[in-house]
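Peer 1: Just a sequence and a predicted model for now, questions to come.
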Amino acid sequence: MSDLFPDFSTRRVRTSGTEIHCEIGGRGPPLLLLHGYPQTHAMWHRLAPALAQTYTVVCPDLRGYGDSGKPVSDAAHAPYSKRAMALDMVELMRELGMPRFRLAGHDRGGRVAHRLCVDHPESVERVAVLDISPTRLMYGKTDRAFATAYYHWFFLIQPFDLPEKLIGADPLYYLRKKTGGWGSAANIFDARAFAEYERCFARPETIHATCEDYRAAASIDLEHDDADVAAGRQVACPLLVLWGQNGVVHRYFDPVNDWRTVANDVRGRALPSGHYLAEEVPDQTLRELQAFFAADSVRA
């Protein structure tokens, strides 16, 4: 991955639940970048080198994805809950000597970031989430239009092994169709990065683990979210939400106000993009992240 992440080093760190593969580069305050489905840490390649001029940037593969571990799941899908995935990231950063950090997450990575902020508020200075509204709210507002646009939410949560078998019949076809939707054209991707997505997603264990990620989102994750609401727990640190004005989230949701239902300090805006902001409009995304994260630089 050196051509995508020049001057970064590769690490593999054991957490209490699995092993996490990551790329680390730069110097300065720590910044953790979390990818989404069906990608890997490679999605950050157009932003990470620039951010590394100011920050120590850590780009991991979430458990179940890329070259990170894929632990055995259970009937409750707990090993792929956002709580378990967030704990991986907290333990990773502590092992790297960075117990408090800035945080950005795209897609599924944004959902892990949300849980991380609630479960481990002492760890996060500021958080940015890209092209999502909160999971609980999105499920709560589901209608025919949203279910049609985000059919994969309802396909991937079907019991083992229906989605695994169907995706496994031609995983690269599925990957290309999925990444070519959501308001972004397939040609926005760097061929080197997409080759990484293909290499990793084609593995049967990745297909299964990523289905478990979505099954958890429709079950145990909602239980955790309901408990937060009952207890009045919210994201306490400043939160930036960015989303694509050509995407599904823009059409059917109100991201700033949606995040204000679960966070105390929210700001954000749409960018001229589909779902994959970091790869489709990297310059605009970079400017937004740099301005937001720089607000705490004096205290860092």
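Peer 2: Looks like it arrived, so ask away. It should be emphasised that the depicted structure is a prediction, and the values quoted were computed from it without experimental measurement.
Peer 1: Please identify the helix or strand for the residue nearest to the spatial centre of the chain.
Peer 2: Within the chain, one residue has its C-alpha closest to the average C-alpha position: by C-alpha atoms, centre = their mean, that is Gly109, at 1.3 Å. Per DSSP states H and E: Gly109 is located in helix 108-119.
Peer 1: so for that helix, what's the average pLDDT?
Peer 2: On average, the pLDDT along helix 108-119 is 98.
Peer 1: Show me where the stretch 151-300 of the chain has its helices.
Peer 2: Per DSSP state H, counting those that start in this stretch, the stretch 151-300 of the chain carries helices over the ranges 151-156, 162-168, 171-179, 191-201, 204-217, 220-231, 248-252, 255-259, 277-280, 282-294.
Peer 1: Just say which of those is most tucked in.
Peer 2: Among the helices of the stretch 151-300 of the chain, helix 277-280 has the highest mean neighbour count (mean count of other C-beta atoms under 10 Å), at a mean of 25. (Each C-beta comes from the backbone N, C-alpha and C, glycine too.)
Peer 1: And the contacts of that one?
Peer 2: 43-44, 46-47, 106, 130-131, 184, 188-190, 193, 242-244, 271, 273-274, 284-285 (C-beta atoms under 8 Å, 6 or more residues apart in numbering).
Peer 1: Filter these down to the buried ones, ChimeraX style.
Peer 2: The following ChimeraX line selects those of the contacts of helix 277-280 that are buried, judged by 16 or more other C-beta atoms under 10 Å:
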select :43,44,46,47,106,130,131,184,188,189,193,242,243,244,271,273,274,285
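Peer 1: Against Ile207, how distant is the closest residue to the residue nearest to the centre of the chain other than its chain neighbours?
Peer 2: Excluding its sequence neighbours, the residue lying closest to Gly109 (C-beta to C-beta, 6 or more residues apart in numbering) is Leu34, at 2.9 Å. Noted for Leu34: a distance of 20 Å to Ile207, by C-beta to C-beta, to the nearest Å.
Peer 1: same thing with Tyr55?
Peer 2: 33 Å.
Peer 1: hmm, back to that, would you mind naming the residues that bridge with the residue nearest to Gly109?
Peer 2: Gly105 (DSSP bridges).
Peer 1: For it, give me its contacts.
Peer 2: Pro60, Leu62, Met89, Leu103, Ala104, Gly105, His106, Arg108, Gly109, Gly110, Val112, Ala113.
Peer 1: Neighbours of the first one, how many?
Peer 2: What that stands for is Pro60. Neighbour count for Pro60, taken as other C-beta atoms under 10 Å: 28.
Peer 1: per-residue confidence for it?
Peer 2: Per-residue confidence for Pro60 comes out at a pLDDT of 98.
Peer 1: Offset the numbering so it begins at 55, please.
Peer 2: Noted, 55 is the first residue going forward, which turns the last one into Pro114.
Peer 1: does it really touch Ser122, like I thought?
Peer 2: Yes: using C-beta atoms under 8 Å, Pro114 makes contact with Ser122 at a distance of 6.8 Å.
Peer 1: Pull up the overlap in contacts between those two.
Peer 2: Common neighbours of Pro114 and Ser122 (C-beta under 8 Å, 6+ apart) are Ile74, His75.
Peer 1: What separation is there between the residue nearest to the centre of the chain and Leu170?
Peer 2: Taken as C-beta to C-beta, the span from Gly163 to Leu170 is 10 Å.
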